[in-house]
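Peer 1: here is my input; please provide its structure:
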Amino acid sequence: GGAGEGGGAGGGAEAAEYDKLLRKRIGELQMNFNSGIANLKKALDDLVDSPHLIKGRAPGMIQTVSTMETKLKRDVLMLKRELMDISKGKPKDEL
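Peer 2: You can find the predicted model right below:
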């Protein structure tokens, strides 16, 4: 079984499902990244008038970055796995 199999009448519908799945995963990745960046910017914006407090806020920002890292790693690995499955020609319902 090669990556070219699975064509035929259902090939277009299957490709559309792959497209939908990948767009969903990429959207989740982008949303998690943008959310984390927004949280970091807000933390800095809150300190704009009192930059001397940044040292005390750093632990909270570290936690935000750690959470971002975990979510992004998970999302990237899921996207990579799904792309690998698609390249091997696995049916969508097995993804």
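Peer 1: now Val48: phi and psi?
Peer 2: phi -60, psi -30 (degrees, to the nearest 10).
Peer 1: hmm, I typed the wrong one, I wanted Leu47.
Peer 2: Leu47 adopts backbone torsions of phi -100, psi 10, taken as degrees, to the nearest 10.
Peer 1: which of the helices and strands in this structure ranks last by mean pLDDT?
Peer 2: Within the chain, confidence by mean pLDDT, DSSP states H and E is lowest for helix 11-46 among all helices and strands, at a mean of 92.
Peer 1: show me what that helix is packed against.
Peer 2: Using 3 or more Cβ pairs under 8 Å, 6 or more residues apart in numbering; DSSP states H and E, the elements in contact with helix 11-46 are helix 54-87. Backbone N, C-alpha and C define where each C-beta goes, glycine included.
Peer 1: which ones are touching the most centrally placed residue in the chain?
Peer 2: The residue lying closest to the centre of the chain (Cα atoms, centre = their mean) is Leu29, at 2.0 Å. Taking Cβ atoms under 8 Å, 6 or more residues apart in numbering as the contact definition, Leu29 lies against 72, 75-76, 79.
Peer 1: so which of these wins on neighbours?
Peer 2: Highest neighbour count within the contacts of Leu29, by other Cβ atoms under 10 Å: Asp75, with 19 neighbours.
Peer 1: give me the nearest residue to that residue, chain neighbours excluded.
Peer 2: Leaving aside its sequence neighbours, Asp75 sits nearest to Leu29 (Cβ to Cβ, 6 or more residues apart in numbering; 4.2 Å).
Peer 1: burial count for the nearest residue to Leu53 once chain neighbours are set aside?
Peer 2: Closest residue to Leu53 apart from its sequence neighbours, by Cβ to Cβ, 6+ apart: Leu47 at 5.5 Å. By the criterion of other Cβ under 10 Å, Leu47 has 15 neighbours.
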